[in-house]
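*Asks:* I need the structure of the sequence given here:
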Amino acid sequence: MGKMKSFIRNEEGQGMTEYIIIVAIIAIAGIAIFTLFGDQIRDVVYSMGETLGGQQTQIQGQMDSGEVQKTMGNW
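*Replies:* Residues are numbered from 1 along each chain as shown. Presented below is the predicted three-dimensional model:
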């Protein structure tokens, strides 16, 4: 009977379980954000890379309409 009480009161794994739940929630939120905004994030990162590489570039969303051309001078 004493072993059963100590088993029920033993909370060693509780902290690890809470951390796993927090990491899972953060991972789900990250996946949701990249699902919703993935195209915009990819376009901005691509545009920054092109600009830092010395090439003139346009933001992909505005590239189709030809509205704004971003360079190091007007970024």
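*Asks:* just confirm G54 is within a helix.
*Replies:* No. G54 is assigned coil when assessed by DSSP: H, G, I helix; E, B strand; the rest coil, not a helix.
*Asks:* now the helix or strand A29 falls within: buried residues?
*Replies:* Using DSSP states H and E, A29 sits in helix 14-52. Neighbour-count burial for helix 14-52 flags D43, S47 (criterion: 16 or more other C-beta atoms under 10 Å). Backbone N, C-alpha and C define where each C-beta goes, glycine included.
*Asks:* what is it packed up against?
*Replies:* helix 60-63 (3 or more C-beta pairs under 8 Å, 6 or more residues apart in numbering; DSSP states H and E).
*Asks:* where does this protein have low pLDDT?
*Replies:* 1-13, 56-75 (pLDDT under 70).
*Asks:* now do I28 against T35, distance only.
*Replies:* Distance of I28 to T35, computed by C-beta to C-beta, to the nearest Å: 10 Å.
*Asks:* ok, now L52?
*Replies:* Taking C-beta to C-beta, one finds L52 at 27 Å from T35.
*Asks:* I20 too?
*Replies:* In terms of C-beta to C-beta, I20 sits 22 Å off from T35.
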